[in-house]
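Asks: when you get a sec, could you give me coordinates for this:
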Amino acid sequence: MEFDFSQLLDSAGPYPLEAFSFVRDGLSYTMHRVHENVESLNEPERHVNGQQLCLGLRDFAIEQYGLLAPVVLKHWSIQRTDDFGRIVFAMIEAGLMSSSDSDTLDDFRAVYDFGEAFSESELLDRVSAN
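Replies: Okay, here's the model as predicted:
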């Protein structure tokens, strides 16, 4: 089955394909951090909520890109947690992710401030901890 990525990109907004790949990979990263033995869980048991995913994506970005994390995210037009939600729900609409009945875009609103979460001091603390 061939998937039309251009339709996904058009429906989601200003985000490039790399942003979708990052969120998909960050979801896996977050599930493994939130749930022990995630492989042994069925689909509903693997669920993470919007807040958990936003926090996981922050940590994943810092782990992947270090001090450049905020630069990379901004390059992808991701400047607040709402952007993560838009990407997630575009992927849900396209059938690339699933959600529970209680998941909403509001779950991603203002989970944290990017300026604080990716401040120089926060980045230095997290990067030096790894």
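Asks: can you give me every residue that contacts residue 117?
Replies: By C-beta atoms under 8 Å, 6 or more residues apart in numbering, residue 117 lies in contact with residue 58. (Glycine included, C-beta is placed from N, CA and C.)
Asks: how far away is it from residue 10?
Replies: Note on residue 117: its distance to residue 10, by C-beta to C-beta, to the nearest Å, is 29 Å.
Asks: low-confidence ranges, the protein, go.
Replies: The chain contains residues with pLDDT under 70 at 1-4, 38, 40-42, 44, 130.
Asks: which residues in it form helices?
Replies: 5-12, 17-34, 50-65, 69-75, 81-93, 114-117, 120-129 (DSSP state H).
Asks: I'd like those laid out as CSV, including distance to residue 103.
Replies: Written out in CSV, the entries for these read as follows (distance: least, C-beta to C-beta, whole Å):
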stretch, distance to residue 103
helix 5-12, 16
helix 17-34, 13
helix 50-65, 7
helix 69-75, 22
helix 81-93, 8
helix 114-117, 22
helix 120-129, 27
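Asks: among those, which is nearest residue 108?
Replies: Ranking the helices of the chain by proximity to residue 108 (C-beta to C-beta) places helix 81-93 first, at 2.7 Å.
Asks: which positions in that closest one come out as buried?
Replies: 81, 82, 83, 84, 85, 86, 87, 88, 89, 90, 91 (16 or more other C-beta atoms under 10 Å).
Asks: ok, those vs residue 27, which is closest?
Replies: For the buried residues of helix 81-93, the residue nearest residue 27 by C-beta to C-beta is residue 88; the value is 8.0 Å.
Asks: now do the contacts for residue 56.
Replies: When contacts are counted by C-beta under 8 Å, 6+ apart, residue 56 is found next to 26, 27, 29, 30, 33, 34, 48.
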